[in-house]
Structures are given as structure tokens and as C-alpha cells.
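K.L.:
Mind looking at a prediction? Sequence and model below.
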Amino acid sequence: RQALLDALAESGFRQLAADVREALHGGSDVRARFLRVARAYVDFAIDDAALMDLMFQAKADGRPDAVAAAADDLFTVLDSAMGPRRPGADEKARDVFKMLLASTMQGIAALVAAHRIDRS
């Protein structure tokens, strides 16, 4: 049973990463890019809410390698939403912003699912 749940979680991370990757295409305007990424993330979280719960319910250090790799890929794709890395840039600040971005999208999805805010 756990192997099946892990396979579903891995598949979910891979699909969400693909959706976000697709949202990255379509121009270089930073604001528009973030809006497309947020829309893709929130749409996935709402349309596949049970899968999203499954994906994020396991502790990161207890995941099988394939699930951890798929989750890492998602965060790599989210990182690319911020544009290319610059030499000498503050990498810690970039990582904090990436987690803030992911947390914000997770929170928006939770508020939409709870009917506290409108999906649009």
C-alpha cells in the first residue's frame, strides 16, 4: 500500500513540476511569469487536492528516494521562476524567497479549497 501511495506522490510532484515548467514559457516579464506559475500551482492544488495532500503529508526525511527527487525537481523548477542565478548573489535570500513563494501558493490553494477566497 505504501509503495502505491509513494508512486502517486512521486507522480504528483512530477506533474506539478511539469505544469509549473510549462507556465514559465511565455515571455520575460517577471510579474506575468510569477502569475502564470502561481496559477499553475494553485490550479493543480485545487484540481488535485487529495493528491496534493498526499504529496506533502510525508516528512521530507522519510520519503523514498524517488519521491524526494521528484519533490526536489519541483523546487528546482520553482527556483527557475526567479530567473537565472547571478554570481555573487545572496543564495540564502533566494532560497528563503523560493520557500516563501511555495508557502504562499500553498496557502492560497488552502484558502480557495476552504472557500475563504475565490479561485480567480
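P.N.:
Nice, thanks for sending it over.
K.L.:
Which parts of this structure are helices?
P.N.:
Assigned by DSSP state H, the chain shows helices spanning 2-23, 30-47, 49-57, 65-80, 91-113.
K.L.:
Direction-wise, compare the third one with helix 65-80 and give the angle.
P.N.:
If I follow you right, that is helix 49-57. Between the axes of helix 49-57 and helix 65-80, defined by axes from the mean of the first three to the mean of the last three CA atoms, to 10 degrees, the angle is 100 degrees.
K.L.:
Relative to residue 117, how far out is residue 42?
P.N.:
10 Å (CB to CB, to the nearest Å). C-betas here are computed from N, CA, C, even on glycine.
K.L.:
These two: which is more packed in?
P.N.:
Taking other CB atoms under 10 Å, residue 42 and residue 117 do not tie; residue 42 has more neighbours (21 against 11).
K.L.:
Can you name the residues that contact the more buried one?
P.N.:
Contact analysis of residue 42 by CB atoms under 8 Å, 6 or more residues apart in numbering lists 105, 108, 109, 112, 119.
K.L.:
Just give the nearest non-adjacent residue to it, would you?
P.N.:
The shortest distance from residue 42 to any non-neighbouring residue, by CB to CB, 6 or more residues apart in numbering, is to residue 109 (4.9 Å).
K.L.:
and that neighbour, what is it in contact with?
P.N.:
41, 42, 45, 46, 49, 52.
K.L.:
Point out where this protein drops to low pLDDT.
P.N.:
Residue ranges of the chain with pLDDT under 70: 58-61.
K.L.:
ok, back up a step: joint contacts of residue 42 and residue 117?
P.N.:
In contact with both residue 42 and residue 117: residue 108, using CB under 8 Å, 6+ apart.
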